[in-house]
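Colleague: Following is a predicted model, sequence given first.
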Amino acid sequence: MALSRRQQRIIDQLHATNGVLSSMEITSMFDVSVQTIRKDLNELSQLGHVRRVHGGISLPGNNHNIPFSNRTVMNLAAKQTIAQKVVSLLPEDSSVFLGIGTTPQQVALALLDHPGLTVVTNNINVALTLSNSPNIQTYLAGGLVRPGDEDTMGPETTAFFNKFNIQYGVFGVGGLNTKGQLLDFSPEESSVTQRIIENSETRILVADHSKINRYAPVVTGTLSDIDILIMDSLSEPYKQTCKEFESEIIEVGSTSEFLSC
């Protein structure tokens with residue numbers, strides 16, 4: 001189910017605040033009835049995007065991610081813009097890791113006409129997407145299949161990734177905090193991302209603005225572990241955080257500004 005523009009604005013505002021919005025705050029954002037807002041919130045709750053609390057809504061439980069199928073419609077335009085930027089950075093006939101999550105899936109969709117690639121992934125949707133291109137050689141890692149996340153995890157997955165020496169590692173994270181840490185929702189996710197970081201010559205982190213200040217319990221690394229961060233937009237406080245690290249930051253939401261960190 002695709003989100004309406006109003007529902008997407010509610011989610012964006014929820015992430016921009018402290019993760020809690022009152023019904024009064026939401027109603028004041030729009031010139032619609034309380035009943036209409038209540039319907040929006042009920043639908044967002046049923047889809048797993050928000051949690052209903054007394055007097056408003058909050059983000060879902062902190063220790064678990066939203067199911068993959070629900071995340072595909074969140075900040076979709078931003079993810080597509082990020083994906084196009086990634087594709088512009090990848091030479092023909094290069095090798096690429098594509099990690100878990102919906103932004104790497106958008107990268108895969110944008111890569112379909114990119115010739116001569118070798119792609120290694122544990123993202124089932126990425127593998128299925130790229131299987132439609134005769135010009136891309138795709139390797140899908142085995143392991144435990146996570147139904148809600150539509151990927152593979154575990155020691156078999158990390159062992160498979162360790163077999164490769166890849167030119168470009170493209171991956172997402174569960175969240176980014178003001179200390180410059182890369183956060184994930186489980187040790188298994190973190191281990192897979194760490195294998196991408198260790199076995200890639202150029203590490204590219206892709207994340208939309210909702211990942212900034214989003215909590216996840218496992219620390220995977222820091223911004224110093226990546227070479228390029230591609231985001232649709234960065235808040236001013238997070239730009240200050242970036243200055244402490246030496247990664248290249250590409251902001252694609254406006255004029256594709258390049259920020260040196």
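Modeller: Sure, I can see it.

Colleague: show me what contacts the nearest residue to Gly99 once chain neighbours are set aside?
Modeller: Leaving aside its sequence neighbours, Gly99 sits nearest to Phe171 (C-beta to C-beta, 6 or more residues apart in numbering; 3.1 Å). Every residue, glycine included, has its C-beta placed from N, CA and C. If a contact means C-beta atoms under 8 Å, 6 or more residues apart in numbering, then Phe171 has 97-101, 104, 193, 196-197, 203-206 as its contacts.

Colleague: In TSV, list these along with distance to Val219 and secondary structure.
Modeller: Formatted as TSV, the entries for these read as follows, by distance: C-beta to C-beta, whole Å; DSSP: H, G, I helix; E, B strand; the rest coil:
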residue	distance to Val219	secondary structure
Phe97	20	strand
Leu98	22	strand
Gly99	17	coil
Ile100	17	coil
Gly101	17	coil
Pro104	20	helix
Thr193	11	helix
Ile196	16	helix
Ile197	13	helix
Arg203	16	strand
Ile204	20	strand
Leu205	14	strand
Val206	19	strand
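
Colleague: OK, contacts around Ser247?
Modeller: For Ser247, the residues meeting the contact criterion (C-beta under 8 Å, 6+ apart) are 223-224, 226-229, 261.

Colleague: what's the burial count for Asp208?
Modeller: Counted with other C-beta atoms under 10 Å, residues neighbouring Asp208 total 25.

Colleague: Which one of the contacts of Ser247 is nearest to Leu144?
Modeller: Minimum separation from Leu144 among these (C-beta to C-beta) is found for Ile226, which lies at 26.4 Å.

Colleague: So for Val126, what's the pLDDT?
Modeller: In the prediction, the pLDDT value recorded for Val126 is 95.

Colleague: ranges for the helices of the stretch 51-200 of the chain?
Modeller: The residue ranges that make up the helices of the stretch 51-200 of the chain, judged by DSSP state H, counting those that start in this stretch, are 68-71, 76-89, 102-110, 124-130, 155-161, 187-198.

Colleague: Of those helices, which stretch is the most buried?
Modeller: Most buried of the helices of the stretch 51-200 of the chain, by mean neighbour count (mean count of other C-beta atoms under 10 Å): helix 102-110, with a mean of 25.

Colleague: by contact count, what packs against it?
Modeller: Based on contacts counted as 3 or more C-beta pairs under 8 Å, 6 or more residues apart in numbering; DSSP states H and E, the elements that helix 102-110 packs against are helix 76-89, strand 95-98, strand 117-121, helix 124-130, strand 166-171, strand 200-207.

Colleague: Return that helix as PDB; C-alpha atoms alone will do.
Modeller: What follows is helix 102-110 as a C-alpha-only set of coordinates in PDB (Å, rounded to 0.1, in the frame of the first residue of the first chain):
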ATOM      1  CA  THR A 102      15.200  -0.800   0.600                       C
ATOM      2  CA  THR A 103      17.700   1.800  -0.500                       C
ATOM      3  CA  PRO A 104      20.000  -0.800  -1.900                       C
ATOM      4  CA  GLN A 105      17.000  -2.300  -3.600                       C
ATOM      5  CA  GLN A 106      16.400   1.000  -5.400                       C
ATOM      6  CA  VAL A 107      20.100   1.000  -6.400                       C
ATOM      7  CA  ALA A 108      19.500  -2.400  -8.000                       C
ATOM      8  CA  LEU A 109      16.500  -1.100  -9.900                       C
ATOM      9  CA  ALA A 110      18.600   1.900 -11.200                       C
END
